[in-house]
Every structure is written in structure tokens, then in C-alpha cells.
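Participant: I would like to see how this sequence folds:
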Amino acid sequence: MLIDILKAYSPTNHEDRAIEVLKNYAYELGYEDIVVDEVGNLIASYGRGPISISFIGHIDTVPGELPVSFNGDVITGRGAVDAKGPLVAMFIGASLAKRFIDFNRFKVYAIAVTGEEGDSRGAKNLVKKGFRSDGAVIGEPSNNSIVVGYRGSIKMKIVCRGIGGHSSSPSIEATACDKVIDIWSRIRDRYRGYRASETSASLIYLRCGEESSSVHPRYGESIIDIRVSVDRSIRDIVDEISQLITISSCEYSILDYTNPVKVSLNNVMVRSMTRAMVKHNIRPRFTYKLGTSDMNIIYPIVTENIVAFGPGRSELSHSDREEISIDEMIKGIYIYRDTINEFINIYSAPR
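Facilitator: This next block holds a predicted model:
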């Protein structure tokens with residue numbers, strides 16, 4: 001199943017063929033209701049009860065097709081780790097839990113979303129359409145750890161203007177270039193942390209002046225990627241940065257942002273997955289990720305009971321060495337399956 005889905009190369013915005021392959025497998029796995037929505041998400045489910053648990057993974061990959069191979073132990077290919085491996089394990093694991101389910105009380109979803117490596121249109125459409133669930137697992141490679149938070153992000157554009165003048169003479173005031181670089185230096189010095197509890201900033205675009213010109217730059221712009229601590233809010237960081245941009249004729253705008261997410265270690269999904277891992281003699285570890293994922297989009301609107309977890313070594317994500325072992329896949333499948341069982345046990349316990 002994974003090999004076939006890896007062969008259906010699916011960079012962001014080109015997921016149709018992979019979705020079709022997965023759809024055929026979803027029928028074989030015994031899902032009762034399978035639909036593809038208007039943005040290409042595949043939503044498979046079984047059961048009809050009022051209490052639901054959802055497994056959500058993305059089927060798109062970063063660009064760069066890789067050869068698909070299997071040596072009897074390890075499967076390679078673009079998306080083997082991020083995140084078709086976790087996605088396939090989810091669909092199989094969730095299907096194996098059917099024997100635990102009282103179909104009149106519970107409903108299980110397995111969802112392949114599109115666009116996660118781009119604008120997250122798949123996850124955003126779930127939110128837009130009012131999808132809700134009592135618990136959710138996001139399928140991302142996690143090195144056998146339970147992910148309980150992701151930093152947020154802000155894409156900020158800085159624009160500065162100057163008055164020009166001949167470059168052979170001293171500038172009457174700071175040039176547009178000087179101003180943009182000065183602001184970047186202030187932001188960089190303020191946000192230098194690379195832990196989940198810290199905020200960091202990266203300069204990803206800079207332009208000012210004209211090539212082969214003898215004029216002090218009149219215009220400069222930069223784009224800064226700010227990764228927001230799991231303990232801070234977008235508003236806090238924007239307010240702080242606005243205090244750093246005090247240079248005349250400079251302004252900022254927010255191009256895009258994603259809220260950070262940090263969940264309680266006592267939430268239902270953390271407890272369910274912890275019990276499932278212990279059942280398989282795996283010591284649960286909790287971690288926060290430095291980047292973002294669809295968990296940032298799903299929480300808290302779809303559910304506050306959420307974690308991210310998946311087979312695979314996250315350090316191989318987006319690399320030319322994406323590979324996942326059969327052993328990793330099998331462990332992931334059974335942990336997903338037993339997470340459903342533990343979720344049901346928690347909801348079925350006397351209150």
C-alpha cells in the first residue's frame with residue numbers, strides 16, 4: 001500500500017493521483033463512507049455514534065521525486081517519512097480497530113488532507129466546513145515521541161524608503177538599505193532562541209537599490225520568518241516588533257501567520273496514546289516541534305484533545321534520504337489501533 005502511494009508522486013497542488021490510489025485502498029480496508037471534498041481531501045470513516053476520533057495526515061509532499069524501492073526491510077521514496085508513511089499507518093491502524101468499536105456509540109475517521117506543505121488548504125477546509133471531533137491525531141514523523149505542541153509562525157514584510165542622493169557623497173539620512181538592515185539587526189538580536197519555548201527569526205528575503213546605480217537606495221524591503229514560542233502569542237510578538245520599528249519612513253505588514261499550539265498533558269488523546277505506547281513496551285516521551293503542522297490549524301477549533309505522532313525519523317523529512325522501515329510502520333500501525341481502544345476505554349469509564 002505504501003509503495004503504491006509513494007509511486008503516485010504528489011507534490012503540493014498535485015495530489016489527485018495519490019488520493020485516487022488511497023481511495024481504492026480505503027475501500028479494501030473496510031471503511032464504510034469515503035468521500036473526496038472540494039479541495040481534494042479524502043475523508044474515510046466507519047461507525048455512526050456521536051463520539052468521534054480522527055486520524056489526520058497529509059498526502060502531499062515537498063517537490064523532488066525520489067526513486068521508490070523496497071529491500072525487504074526499508075521503503076524509500078519521496079514522502080516515505082513526511083508524511084505518507086504515517087498516513088498509511090493511520091489508515092491501516094484505524095481500520096484494525098473496528099473490532100473494538102460499538103458502531104452506535106463511536107465513529108472513526110481517517111483523513112488524508114492536501115496542501116500541508118503549502119497553504120494547508122486541506123486542514124483549513126475541514127475547519128471552514130465545521131468538521132468537529134472529540135479527539136484527533138495528526139500524522140507526522142515523531143521518532144516515537146508524542147508531540148504536544150508546535151511553535152507558531154509569522155511572515156512579516158518590512159518596507160523602508162529613503163531620499164536618494166549621489167552615492168559618491170554622504171547620504172543626508174540613512175538609506176533605505178541601511179534602514180532595512182538596521183531593523184533586521186534589531187529583530188535578530190531580540191529573537192535568537194531555537195528551543196520550542198523560545199522565539200527565533202530568519203531573514204529570508206532582502207532587496208534594496210538598483211544594480212549598477214550610483215544613487216543611494218530610495219527603496220528597500222525584506223521578508224522575515226519569525227517562529228513563535230509555544231508559550232507566546234502572535235499578538236505579543238507583533239506588538240514587540242512594532243516597538244522595534246521606530247525608524248522613519250519604515251513600515252511593516254503581516255503576510256501570513258499561524259498560531260502556536262501547546263496542549264495539556266492530561267488531555268484525552270495524550271492519555272490514550274500514552275497507554276497505547278506503554279502496552280507495546282515503549283516509554284512515552286513528550287516533545288514540542290520547532291516548525292508548524294496542520295495541528296496548528298486544527299487546534300482548538302476541531303478539537304482541543306489532540307496530539308501528533310507518527311512512525312519515521314523526522315530528521316529525514318524533506319531530505320533525499322527519505323526512508324522508513326517495516327518495523328517502524330508496524331509499531332505505528334499498532335499504536336494507532338490501540339490509541340482508539342484506549343480512547344474508547346476512557347470514554348466508556350464511569351464518570
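Participant: From now on I want contacts and neighbour counts done on CA atoms only, so please keep to that.
Facilitator: OK.
Participant: Tell me what V228 is bridged to.
Facilitator: Taking DSSP bridges as the rule, V228 bridges to G152.
Participant: Near it, how many other residues are there?
Facilitator: 32 (other Cα atoms under 10 Å).
Participant: That one reaches S202, doesn't it?
Facilitator: No. Counting by Cα atoms under 8 Å, V228 does not reach S202; the two are 11.7 Å apart.
Participant: Just say helix, strand or coil for the residue nearest in space to the middle of the chain.
Facilitator: Centroid-nearest residue in the chain: S293, 1.2 Å away (criterion: Cα atoms, centre = their mean). What DSSP: H, G, I helix; E, B strand; the rest coil gives for S293 is coil.
Participant: Do I have it right that it meets V113?
Facilitator: No. Using Cα under 8 Å, S293 is not in contact with V113, being 11.8 Å away.
Participant: what touches both of those two?
Facilitator: Counting by Cα atoms under 8 Å, 6 or more residues apart in numbering, S293 and V113 have no shared contacts at all.
Participant: so how far is the longest helix anywhere in the chain from its chain's centroid?
Facilitator: If you go by DSSP state H, the chain has its longest helix at helix 326-348. Relative to the centre of its chain, helix 326-348 is centred 21 Å away, using Cα atoms, centre = their mean, to the nearest Å.
Participant: Likewise for stretch 335-351?
Facilitator: On Cα atoms, centre = their mean, the centre of stretch 335-351 falls 25 Å from that of its chain.
Participant: Show me what that stretch is in contact with.
Facilitator: 53, 89-90, 93-97, 100-101, 106, 268-269, 272-273, 275-277, 280.
Participant: Quickly find the element holding K107.
Facilitator: strand 106-113 (DSSP states H and E).
Participant: Would you mind listing the residues in contact with the spatially closest residue to F286 that is not a sequence neighbour?
Facilitator: Leaving aside its chain neighbours, F286 sits nearest to I146 (4.9 Å; criterion: Cα to Cα, 6 or more residues apart in numbering). By Cα under 8 Å, 6+ apart, I146 lies in contact with V270, M273, P284, R285, F286, T287, V307, A308, F309.
Participant: just the buried members of those?
Facilitator: Buried by 16 or more other Cα atoms under 10 Å: V270, M273, P284, V307, A308, F309, out of these.
Participant: Contact partners for the third one?
Facilitator: To tie it back to what came earlier, the one meant is P284. Contacts of P284 by Cα under 8 Å, 6+ apart are N144, S145, I146, T274, M277, V278.
Participant: What separation do you get for the third one and M90?
Facilitator: It stands for I146. Distance of I146 to M90, given as Cα to Cα, to the nearest Å: 15 Å.
Participant: Same check on the fifth one?
Facilitator: Remark: distance between M277 and M90 (Cα to Cα) = 15 Å.
Participant: Mind jotting down where the helices sit in the stretch 201-350 of the chain?
Facilitator: 234-244, 268-279, 295-298, 326-348 (DSSP state H, counting those that start in this stretch).
Participant: I should have written the stretch 51-200 of the chain there, sorry.
Facilitator: 84-96, 121-128, 176-190.
Participant: contacting residues around the last one?
Facilitator: Looking back up the chat, that one is helix 176-190. For helix 176-190, using Cα under 8 Å, 6+ apart, the contacting residues are 158-162, 200-203, 208-209, 216-222, 224, 241, 244-245, 247, 250.
Participant: one step back: the helices of the stretch 201-350 of the chain into CSV, with extra columns for distance to A26 and mean pLDDT?
Facilitator: Output for the helices of the stretch 201-350 of the chain, formatted as CSV (distance: least, Cα to Cα, whole Å; pLDDT from 0 to 100):
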stretch, distance to A26, mean pLDDT
helix 234-244, 39, 95
helix 268-279, 23, 97
helix 295-298, 23, 97
helix 326-348, 15, 96
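Participant: I'd like the ones you listed as a markdown table, with distance to Y150 appended.
Facilitator: Formatted as a markdown table, the helices of the stretch 201-350 of the chain follow (distance: least, Cα to Cα, whole Å):
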| stretch | distance to Y150 |
| --- | --- |
| helix 234-244 | 13 |
| helix 268-279 | 15 |
| helix 295-298 | 7 |
| helix 326-348 | 21 |
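Participant: Nearest approach to R195 belongs to which of these?
Facilitator: R195 sits nearest to helix 234-244 of all the helices of the stretch 201-350 of the chain, at 16.1 Å, using Cα to Cα.
Participant: circling back: what subset of the contacts of helix 176-190 is buried?
Facilitator: For those, buried by 16+ other Cα under 10 Å: 158-162, 200-203, 208-209, 216-222, 224, 241, 245, 250.
Participant: Next, count neighbours for P350.
Facilitator: 6.
Participant: M1 too?
Facilitator: 12.
Participant: go on, Q243?
Facilitator: Counted with other Cα under 10 Å, Q243 comes out at 8.
Participant: What of L255?
Facilitator: Counted with other Cα under 10 Å, L255 comes out at 11.
Participant: Does it touch K155 like I think?
Facilitator: Yes. If you go by Cα under 8 Å, L255 and K155 touch, sitting 5.3 Å apart.
Participant: isn't S95 right next to E28, touching?
Facilitator: No. Counting by Cα under 8 Å, S95 does not reach E28; the two are 9.9 Å apart.
Participant: So for these two, which sits in the more crowded spot?
Facilitator: More crowded of S95 and E28, by other Cα under 10 Å: S95, with 23 against 10.
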